[in-house]
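1. Quick one: sequence plus predicted model below, questions after.
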Amino acid sequence: MVAAAGALVPALADRAAWSEQHRRLHDDTVRALSEAGFFRLRLPARYGGLEADARTVVDVLAELARGDASAAWIAGVNAITTWMAGLLPDAVQDEVFAEPDTRLCGTLSPTGMCVPAEGGLVLNGKWTFISGAHHARWQVVVAMAPAPDGSFWPVMTVVPMSELTVVDDWDTSGLRGTGSVSTVAENVFVPERRVLPLPLVLAEQYASEANAASPVWRAPLLPTASALSVGTAVGLAVAARDRFLDRLPTRKITYTAYEQQAEAPVTHLRLAEADMKIDEAFFHARRLAGTLDAKSAAGEPWTPVERARARADMGRAVRLAREAGDLLNDASGGSSIYAGEPIQRIARDLHAITMHALMNPDTNDELYGRVLCGLEPNTLYF
């Protein structure tokens, strides 16, 4: 799968500018990702899925991001939401995965509200940042619903995209090609069989019997989501280095005596620093994936420190990838600011990733530090 992702890089790169301009993936890119199997990375094997280990997903997304970060991001979101759907009762999975090319999207934000109805719940709400909504058949939805004690708790469900309204509001500075639009539910009925309380998910009390024996589903939600997200960022940093080196032989440093940028000591320093940051970013991404794979295979419980470090590894990989991208972008000269030059898009995509609430480096460092100090985490998403 990693080799197949590498083979797609030139075609993805050719269509990346179109996707950015049109604020969604090119249909040929979606088709290529589907035909190569990248939407089946975390699909249960009984539906034709690959049940790929986390290390493979990290390396696949990193390769795809070398061509187009938006394509890699969509593949990563699909892997996460497909895995989440695999936590639901098996009969619900039969419904969701009935079509062989089913794709999913979703978010963990509980920005909807459910009220009881005969046989289920009625859902209303709006969800933002729904990456891949243009190409998905189902959305994983988190919303607030009445709990047995009369209070409210978040629940997870899946809703057909045909029952949601898509709001075309994705006009951003980075990751523009992801088409991460908003979706709206207006009095959508959700059968009770599709509903799983999120506290049970976070406590690893999943509803699927068929997936229970698979190492892929013997893992907590947040470490899984962290590992399946981080590959895009590190791959983007590699893309920045690739593009910088591609342009290097034809560049000089204007208004200096350097006719070749490659001869200048400042170039050596910046390139070496960026390259080491990329290497360090891969270390954190792969340590996170390796920990997830090893503990899942052994069926071992996660300690609070390990859970927090999963978020911290993701945040540190993202921070290092952005720093590397910024170094290379800043060293690319005035000609790099043209819209047709990929390195400025790469830098903007890296900036967008660091702004993601679950991937933000400062947020994740704070969480890790709190747990190391013996304090309770200040979040459910742990």
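-> Cool, got the structure.
2. Can you list the low-confidence ranges for the stretch 101-250 of the chain?
-> By pLDDT under 70, the stretch 101-250 of the chain contains no weakly predicted segment.
3. Can you show me the strands along it?
-> Counting by DSSP state E, counting those that start in this stretch, the stretch 101-250 of the chain has strands at residues 104-106, 112-117, 120-130, 138-146, 152-160, 165-167, 181-191, 196-197.
4. Mind giving me the packing neighbours of the shortest one?
-> Applying 3 or more CB pairs under 8 Å, 6 or more residues apart in numbering; DSSP states H and E, we find strand 196-197 packed against strand 152-160. All C-beta atoms are positioned from the backbone trio N, CA, C, and that covers glycine.
5. quick one: strands adjacent to the strand it packs on?
-> Sheet pairing of strand 152-160 (DSSP bridges) gives strand 138-146 (antiparallel), strand 196-197 (antiparallel).
6. neighbouring contacts of that strand?
-> Applying CB atoms under 8 Å, 6 or more residues apart in numbering, the set of residues contacting strand 152-160 from outside is 84-85, 87-88, 92, 96, 104, 110, 114, 121, 123, 137-147, 185, 188, 190, 194-199, 201, 380.
7. Equivalent analysis for stretch 170-177, please.
-> 16, 19-25, 68-71, 73, 131, 178-181, 348-353.
8. Swap in 7 Å and give it another go.
-> 16, 19-20, 23-25, 68-70, 73, 179-181, 348-349, 351-352 (CB atoms under 7 Å, 6 or more residues apart in numbering).
9. are any of the contacts of strand 152-160 buried, and which?
-> 84-85, 87-88, 92, 96, 104, 110, 114, 121, 123, 137-145, 185, 188, 190, 194-198, 201 (16 or more other CB atoms under 10 Å).
10. mind giving me the domain split of this structure?
-> Split into domains by automatic domain parsing, the chain comes to 2-100, 104-197, 221-372.
11. can you give me the end-to-end distance of the first one?
-> For domain 2-100, the first and last residues are 22 Å from each other (CA to CA, to the nearest Å).
12. quick one: that domain to chain centroid distance?
-> Domain 2-100 sits 10 Å away from the centroid of its parent chain (CA atoms, centre = their mean, to the nearest Å).
13. and the closest residue to residue 181 other than its chain neighbours, how many neighbours does it have?
-> Excluding its sequence neighbours, the residue lying closest to residue 181 (CB to CB, 6 or more residues apart in numbering) is residue 170, at 4.8 Å. Neighbourhood size, residue 170 [other CB atoms under 10 Å]: 22.
14. Kindly report the same for residue 24.
-> Neighbourhood size, residue 24 [other CB under 10 Å]: 25.
15. Pull the contacting residues for it.
-> 134, 177, 179.
16. Scan those and report the most crowded one.
-> Going by other CB under 10 Å, residue 177 tops the contacts of residue 24 with 29 neighbours.
17. all helices for the stretch 151-300 of the chain, in order.
-> 198-202, 221-229, 231-247, 265-298 (DSSP state H, counting those that start in this stretch).
18. and the ones you listed as TSV, adding distance to residue 311?
-> Converted to TSV, the helices of the stretch 151-300 of the chain look like this (distance: least, CB to CB, whole Å):
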stretch	distance to residue 311
helix 198-202	14
helix 221-229	6
helix 231-247	14
helix 265-298	9
